[in-house]
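# structure of the sequence below:
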Amino acid sequence: MQAMAFSDLPFTDDSISFVHHPVVLAYLQRYAQHHNLLQHIHFNTTVTSVTPRNNKDTEGWIIRTMTQESQSERKEEWEVDAVVVCSGHFFEPYIPREIEGVERFPGQLVHSRDYRTPIPFKDHVCVVVGAGPSGVDVARELSGVVRKLYLCTRERDAGVVKGAVGDRFATAGLVACERVTGSVMRLTPEGLVEFSDGSVTSERVDSVVFCTGYYYHIPFLDPSCDVKFSLPLSEESMDEEDAEVEGECASRCVAPLYAHLIHIRHPSLIFVGLPFKVFLLTQTHALTKITHTHTQILPFPCFEVQARCVVELMKQHPQLFWGRKGEEDEETGLWTRKGLEAAWGDLMEAWKQKGLPQRYFHLLGGNQWEYFKRLEKECGITEPTFNWKVLEEVYNDVSNARIRDQQGYRNLVYHLKAESWKRIE
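From the prediction side, this is the model:
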């Protein structure tokens, strides 16, 4: 938690580093009170639509909202100069659509989003789908509570789990657990689960827990916002998951954005918090390489850096965000519409050449440090938001500790200072 805090409000309890979500919620509430933010928040309010403002001269947006009051609903319309989408991407669960027999399966189907405790699974025969950090954590909690546990991962990810980062299962403390290298292919009416490696569960399965990630779900954006939920790739360059998630309101990526942040054609439409975890990407001006490590991203520092960079850009380049249309036609540089279009073209060309699946588009992992520093530099921020060296060292230490001991690493305590850190075991 110490490495996850915002730069201007430290986490106060130095006796623990790995906390449960109520502690994180309390920290966020304290942050909002500390900065007097509650007066700006419209509670019980849903954004129903965002559409471009019908103005030929300047860019802007119309936001429509609905507020739930005690006995009624209040609808409102707002005209604004910029929209920052900060709605997160851990809400709409992704469950592989190619699995047959879901409708007739007699067992319970659960996504990790809705998993809270292993108690309801006591004495179950359970299949956990996905062997990323969430999958292993859920399997570890279920192990010893369920009667039989299957933990499965796709063939293409097996090397990630066992090779590049070491065998995490050896330190997870899993009992009564059978590992399956293969995807779930079919759920039978008799309650059996068939895998792509040809194996079948030996007995009826009571529960299947999908630890398979999330869609990017932004239903309030009108199609006229020109936001796409797939990359401009040919069908030949898509894999199965890419092809199945194409849609106008939910997918595995958001485009066309520069630096996972700014719409290249409508720069006053901004997205904070899209990058996520799991793999390490090597990034130059565009994402060009992917190697496998299980590294998560620091969410709050990511949000803070992105927000700070957006504010700085608005100060330094106001013409980009709300200048009169056409006035910047003669301007050059990255922070112009032409510059952003060119950067996007370079990114797509590199992506096509490397053949990366589009669900990896916002995936930073261990390359987050270079991303943060590069973004600060490009936005003209000379004083770094955090000591990135300290955060990177702590984060690498935690990642290695997790690989060594899946059960015990949460007992470690980290103390961070401005220029140094130490681990207490």
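# every contact and neighbour count from this point should use C-alpha atoms.
Noted.
# all strands for the stretch 301-425 of the chain, in order.
413-416, 421-424 (DSSP state E, counting those that start in this stretch).
# listing partners with orientation, what would you give for the last one?
So the one you mean is strand 421-424. Here strand 421-424 has these sheet partners by DSSP bridges: strand 413-416 (antiparallel).
# convert the C-alpha atoms of the partner strand to PDB, please.
Extracted C-alpha coordinates of strand 413-416, given in PDB (Å, rounded to 0.1, in the frame of the first residue of the first chain):
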ATOM      1  CA  VAL A 413       6.200  -4.800   5.400                       C
ATOM      2  CA  TYR A 414       7.800  -2.000   3.300                       C
ATOM      3  CA  HIS A 415       8.900   1.400   4.600                       C
ATOM      4  CA  LEU A 416       9.400   4.000   1.800                       C
END
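# give me the residues contacting it.
2-3, 14-18, 390, 394, 421-425 (C-alpha atoms under 8 Å, 6 or more residues apart in numbering).
# and if we set it to 6 Å?
Contacts to strand 413-416, defined as C-alpha atoms under 6 Å, 6 or more residues apart in numbering, come from residues Ile16, Ser17, Trp421, Lys422, Arg423, Ile424.
# just the buried residues of those residues.
Ile16, Ser17 (16 or more other C-alpha atoms under 10 Å).
# where along the stretch 301-425 of the chain do the helices fall?
318-322, 337-354, 368-378, 388-404 (DSSP state H, counting those that start in this stretch).
# low-confidence bits of this structure, can you list those?
For the chain, the stretches with pLDDT under 70 are 56, 155-176, 234-250, 277-296, 325-331.
# quick one, domains of it?
Listed domain ranges for the chain are 42-90+215-386, 95-212 (source: automatic domain parsing).
# and the longest one, end to end?
Between the opening and closing residues of domain 42-90+215-386 there is a gap of 30 Å (C-alpha to C-alpha, to the nearest Å).
# wait, Gly339 sits on Leu320?
No: using C-alpha atoms under 6 Å, Gly339 is not in contact with Leu320, being 10.7 Å away.
# what about these two, which has more around it?
Here Gly339 and Leu320 are compared on neighbour count by other C-alpha atoms under 10 Å; more neighbours surround Leu320, at 20 against 15.
# tally of neighbours for the closest residue to that one other than its chain neighbours?
Here the nearest residue to Leu320 in space, its sequence neighbours aside, is Thr336; by C-alpha to C-alpha, 6 or more residues apart in numbering that works out to 5.9 Å. Neighbourhood size, Thr336 [other C-alpha under 10 Å]: 21.
# thinking again about what came up before, and the strands of the stretch 301-425 of the chain as CSV, adding distance to Asp206?
Formatted as CSV, the strands of the stretch 301-425 of the chain follow (distance: least, C-alpha to C-alpha, whole Å):
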stretch, distance to Asp206
strand 413-416, 38
strand 421-424, 41
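# and Pro299, which of these is closest to it?
Proximity to Pro299 (C-alpha to C-alpha) singles out strand 413-416 among these, at 17.4 Å.
# can I get the helices of the stretch 301-425 of the chain in a markdown table including distance to Leu416?
Shown next, in a markdown table, are those (distance: least, C-alpha to C-alpha, whole Å):
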| stretch | distance to Leu416 |
| --- | --- |
| helix 318-322 | 37 |
| helix 337-354 | 36 |
| helix 368-378 | 17 |
| helix 388-404 | 8 |
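# among those helices, which is nearest Arg204?
helix 388-404 (32.2 Å).
# any idea how far the closest one is from the chain center?
Mean-position distance between helix 388-404 and its chain equals 19 Å (C-alpha atoms, centre = their mean, to the nearest Å).
# stretch 108-117 now?
Relative to its chain's centre, stretch 108-117 lies at 18 Å (C-alpha atoms, centre = their mean).
# and for stretch 343-352?
That offset, for stretch 343-352, works out to 21 Å (C-alpha atoms, centre = their mean).
# list the buried ones in that stretch?
Neighbour count says stretch 343-352 has Ala343, Trp344, Leu347, Met348, Ala350, Trp351, Lys352 buried, by 16+ other C-alpha under 10 Å.
# tell me which of the strands of the stretch 301-425 of the chain sits nearest to Pro219.
Among the strands of the stretch 301-425 of the chain, strand 413-416 sits nearest to Pro219 (C-alpha to C-alpha), with 39.7 Å.
# could I get the contacts of strand 413-416 as CSV with distance to His362?
Below are those laid out as CSV (distance: C-alpha to C-alpha, whole Å):
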residue, distance to His362
Ile16, 31
Ser17, 27
Trp421, 29
Lys422, 31
Arg423, 31
Ile424, 34
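# most widely separated two among the contacts of strand 413-416?
Maximum distance among these (C-alpha to C-alpha): 14.5 Å, for Ile16 and Trp421.
# give me the phi and psi for Thr67.
Backbone torsions for Thr67, taken as degrees, to the nearest 10, come to phi -110, psi 130.
# name the nearest residue to it, ignoring sequence neighbours.
Thr45 (4.2 Å).
# just His89 next, same as before
Per C-alpha to C-alpha, 6+ apart, closest to His89 is Tyr216, 5.3 Å.
# can I get the CA coordinates of the strand or helix carrying that neighbour in CSV?
Using DSSP states H and E, Tyr216 maps to strand 214-217. This file holds the C-alpha atoms of strand 214-217, laid out as CSV (Å, rounded to 0.1, in the frame of the first residue of the first chain):
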residue,chain,number,x,y,z
TYR,A,214,-12.6,-7.6,-18.1
TYR,A,215,-13.9,-5.7,-21.1
TYR,A,216,-13.5,-2.0,-21.5
HIS,A,217,-17.1,-0.9,-21.1
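# tell me which strands and helices it is in contact with?
With contacts taken as 3 or more C-alpha pairs under 6 Å, 6 or more residues apart in numbering; DSSP states H and E, strand 214-217 sits against strand 92-93, strand 250-251.
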